[in-house]
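> need coordinates for the following:
(chains A and B)
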2 protein chains.
Amino acid sequence: MGHEMRVGVLGAAGMVGGQLLRLLEEKALPLAELRLFATARSAGLAIPFAGEKLTVEEVGPGSFRGLDFAFFCATAEAAREHAPMAADAGCVVIDKSRAFRMDPDVPLAVPEVNPQALRRHRGIIASPNCSTIQLVMALNPLHRAAGIRRVVVATYQSVSGTGREAVAELRRQAEAFLAGREGAAEVYPQPIAFNLFPHIDEFGPHGYSGEEVKLVEETRKILEAPGLRLTATTVRVPVFVGHAEAVNVELDRRVTRQEALDLLRAQPGLVLVEEGYPTPLAVAGSDDVFVGRVREDASAENALDLWVVADNLRKGAATNAVQIAQFLWKGSPQSCG
Amino acid sequence: MGHEMRVGVLGAAGMVGGQLLRLLEEKALPLAELRLFATARSAGLAIPFAGEKLTVEEVGPGSFRGLDFAFFCATAEAAREHAPMAADAGCVVIDKSRAFRMDPDVPLAVPEVNPQALRRHRGIIASPNCSTIQLVMALNPLHRAAGIRRVVVATYQSVSGTGREAVAELRRQAEAFLAGREGAAEVYPQPIAFNLFPHIDEFGPHGYSGEEVKLVEETRKILEAPGLRLTATTVRVPVFVGHAEAVNVELDRRVTRQEALDLLRAQPGLVLVEEGYPTPLAVAGSDDVFVGRVREDASAENALDLWVVADNLRKGAATNAVQIAQFLWKGSPQSCG
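Next comes the predicted model:
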């Protein structure tokens, strides 16, 4: 294997795919070759990359042969159809969809949190859901040092997590609202402009939404804490980019604010904000996760309150996928190709 | 005393004052007389009321003599200056500011929750903070039935809670943002359009904001539970009207979802949403508090998750103040005038 990698991207026309291409333009990975794929609907599109135009190829059985890595920024259905073939062809698939996240044979990885999981892959690696990634980045150092007893999370999630149509819907509805008209809700079940709703993904039999279940299950898998107790309310808010989370965490022992600050400061990829606090608008475009408002919870013996913010398209999606490839390429080259 | 009341309003030009006048136009109270007051800055303004124009008088030492009730929709400073004089003159002051809320001699009342407190007033009654009112409306039936052990709240608070300037700032910034320009932040410390921040009121020495401290202290006083354990993260969101709260409540015993629904349904003033969930936009203009997404918390033995939404200008402010007057007028007329 050489020092440059051959890379494919499935779903380059979407928001996460676009963000991924921007990271590759910024030379996040040493590219020998870059090929873009999509289903028949988007095949033939010309997508700008580093001053050129790349034509999107229709994805098919032999697409990923000869590639080292394929980033899947597509639906779970597309991932289920094409990832096993790509892996069989010797290409390592890094999948952003939910298709394989809970598969016990597939690592679910945040490289700064559970890199050890990456060494066990069989050709497919799942990247977690956006709201999970930023949560585990903040929980990890606290869990390692003091053991998490229980977590209560409320999220503030931007529309870019849904995709381009949702971004367009927020803009369209906001313009209509400001002009005194009503903008139709097409992507979302409720108006999103100057409104918010606790409904991300479908509701299950126990009243939790799919997003809330993902947050619980993925956090357990990444922290290797199968019994971890966590409850969540996930809420869509009228923000374009950036997710925030109000996190209350009870630990097995008392952790002072000062100790918490030291622990959080030592977590790679996590930026501790001590003066002021992070906001979605302020962190948009950054590859880090930001934590602020670190407080000892006055209502419980061993608990802390945190405010965690990240760019859901960067660390919450494209950046994490690229970091997985970086880790495998540098950390264990025998896994690739 | 007759069947109609003589009423004064201090701060009628503000957002809560305006909402209060709308309630009075809707004949929420039987009026014999209505007089509007303000400090010198707004004195002389003509304010429309029921097809007429009322001139705002400058508030002074004798202003409230001869009135049964005065609604104070002004600053804490104005309340501290004028409420004692009004009360001495025999007028019952219902104050929306924080000035007297934690005064042990002043009832802090939500009529559907702690009406008993109203019988003990000495001429001044405080109406709680908007975020507290909707919270205690949902907590009260659970606390009475099963005893609250601990509450974790994250709020989603609209800009109308700050006032007219904040509403104008959100609109101005949103218009600028959509036009590709940047709108200046003047009222708030951060941009609010398509953004959010966990900063309402000043931060104290323990890292809690003033709004978070109010939520804790006022809830304890209203529920008459001085040791109640509650932690909160209060967040300003780009919504014009309506506050939402993600509430996790641990109880002394297990309460099933079905029992919780029955308890919440029986709380006057609280509307249980079983199909779907309430949103700020949907409840704007309503006098009720709405609760939905009632779930048994899978992370703890005796806990529930709730989603509580109300119009912060109506039940969160003007409606609650008017209901206090209604209760005193009908429930114990000897307290008035």
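> could you use CA atoms for every contact and neighbour count after this?
Noted.
> how about residue A:37, phi and psi?
Note on residue A:37: backbone dihedrals following degrees, to the nearest 10 are phi -130, psi 160.
> tell me how far it lies from residue A:64.
For residue A:37, the distance to residue A:64 (CA to CA, to the nearest Å) stands at 9 Å.
> give me the common contacts of the two.
Applying CA atoms under 8 Å, 6 or more residues apart in numbering or on different chains, one finds that residue A:37 and residue A:64 are jointly contacted by residue A:8.
> higher neighbour count, the two?
residue A:64 (29 against 26; other CA atoms under 10 Å in any protein chain shown).
> and residue A:135, that's in a helix?
Yes: counting by DSSP: H, G, I helix; E, B strand; the rest coil, residue A:135 falls inside a helix.
> isn't it right up against residue A:306?
No: using CA atoms under 8 Å, residue A:135 is not in contact with residue A:306, being 10.1 Å away.
> looking at the two, which is more packed in?
Between residue A:135 and residue A:306, counted using other CA under 10 Å, the more crowded position is residue A:135 (25 against 21).
> once you drop chain neighbours, what's closest to that one?
residue A:308 (7.1 Å; CA to CA, 6 or more residues apart in numbering or on different chains).
> off-centre distance for the helix or strand that neighbour falls within?
Secondary structure from DSSP states H and E places residue A:308 in strand A:303-310. Relative to its chain's centre, strand A:303-310 lies at 17 Å (CA atoms, centre = their mean, to the nearest Å).
> and it, which strands flank it?
As defined by DSSP bridges, the strand partners of strand A:303-310 come to strand A:243-251 (antiparallel), strand A:289-296 (antiparallel).
> contacts only, for residue A:242.
A:157-158, A:279-281, A:283-284, A:309-313.
> if I look at residue A:204, how far off is residue B:308?
20 Å.
> which residues does residue A:69 bridge with?
Beta-bridge partners, per DSSP bridges, of residue A:69: residue A:7, residue A:92.
> list the contacts of it.
A:5-8, A:91-94, A:325, A:336-337.
> who wins on neighbours among these?
residue A:93 (31 neighbours).
> got a list of contacts for the helix or strand hosting residue A:263?
Here residue A:263 sits within helix A:257-265, counting by DSSP H and E. Helix A:257-265 is contacted by residues A:138, A:141-142, A:145, A:270-272, A:294-296, A:304 when judged by CA under 8 Å, 6+ apart.
> now the strands: where do they sit in chain A?
Ranges of strands in chain A, per DSSP state E, are A:5-10, A:31-38, A:46-49, A:52-55, A:57-58, A:69-72, A:92-95, A:124-126, A:148-156, A:230-233, A:243-251, A:270-272, A:289-296, A:303-310.
> distance to residue B:200 and mean pLDDT added to the ones you listed, as CSV?
As requested, those are arranged in CSV below (distance: least, CA to CA, whole Å; pLDDT from 0 to 100):
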stretch, distance to residue B:200, mean pLDDT
strand A:5-10, 43, 97
strand A:31-38, 46, 96
strand A:46-49, 43, 96
strand A:52-55, 48, 96
strand A:57-58, 51, 96
strand A:69-72, 41, 98
strand A:92-95, 39, 98
strand A:124-126, 38, 98
strand A:148-156, 16, 98
strand A:230-233, 21, 98
strand A:243-251, 14, 98
strand A:270-272, 21, 98
strand A:289-296, 13, 98
strand A:303-310, 14, 98
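> so which bits of the stretch 1-150 of chain A are right by chain B?
residue A:150 (CA under 8 Å from any CA of the partner chain).
> the stretch 1-150 of chain A: helices as residue ranges?
Here the stretch 1-150 of chain A has its helices, by DSSP state H, counting those that start in this stretch, at A:15-25, A:76-88, A:130-146.
> export these to a markdown table and tack on mean pLDDT?
Output for the helices of the stretch 1-150 of chain A, formatted as a markdown table (pLDDT from 0 to 100):
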| stretch | mean pLDDT |
| --- | --- |
| helix A:15-25 | 95 |
| helix A:76-88 | 97 |
| helix A:130-146 | 98 |
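> pick the most deeply packed of those helices.
Counting by mean count of other CA atoms under 10 Å in any protein chain shown, helix A:130-146 has the highest mean neighbour count of the helices of the stretch 1-150 of chain A, with a mean of 22.
> got the angle between it and strand A:243-251?
30 degrees (axes from the mean of the first three to the mean of the last three CA atoms, to 10 degrees).
> what's the end-to-end length of stretch A:276-295?
Using CA to CA, first and last residues of stretch A:276-295 are 13 Å apart.
> try stretch A:56-73
End-to-end for stretch A:56-73, by CA to CA: 14 Å.
> in that stretch, which residues are buried?
A:56-59, A:63-65, A:67-73 (16 or more other CA atoms under 10 Å in any protein chain shown).
> repeat that for stretch A:156-164.
A:156-162.
> restrict those residues to contacts with chain B.
Okay, of these, nothing touches chain B (CA under 8 Å from any CA).
> so what's the closest residue to chain B within the stretch 1-150 of chain A bridging to?
The stretch 1-150 of chain A approaches chain B most closely through residue A:150 (7.0 Å), counting by CA to the nearest CA. Assessed by DSSP bridges, residue A:150 has beta-bridge partners residue A:250.
> my guess is residue A:68 contacts residue A:9, does it?
No: assessed by CA under 8 Å, residue A:68 is found out of contact with residue A:9, at 11.3 Å.
> check the gap between the residue lying closest to residue A:127 once chain neighbours are set aside and residue A:52 for me.
With sequence-adjacent residues excluded and distances taken as CA to CA, 6+ apart, residue A:127 is closest to residue A:96, at 5.1 Å. Going from residue A:96 to residue A:52 by CA to CA gives 26 Å.
> pick out whichever of those two has more residues nearby.
For residue A:96 versus residue A:52, neighbours defined as other CA under 10 Å are more numerous around residue A:96 (28 against 9).
> OK, contacts around the more buried one?
Contacts of residue A:96 by CA under 8 Å, 6+ apart are A:71-74, A:126-129, A:317, A:321.
> same check on residue A:4?
Residue A:4 neighbours (CA under 8 Å, 6+ apart): A:30-32.
> okay then, goodbye and thanks.
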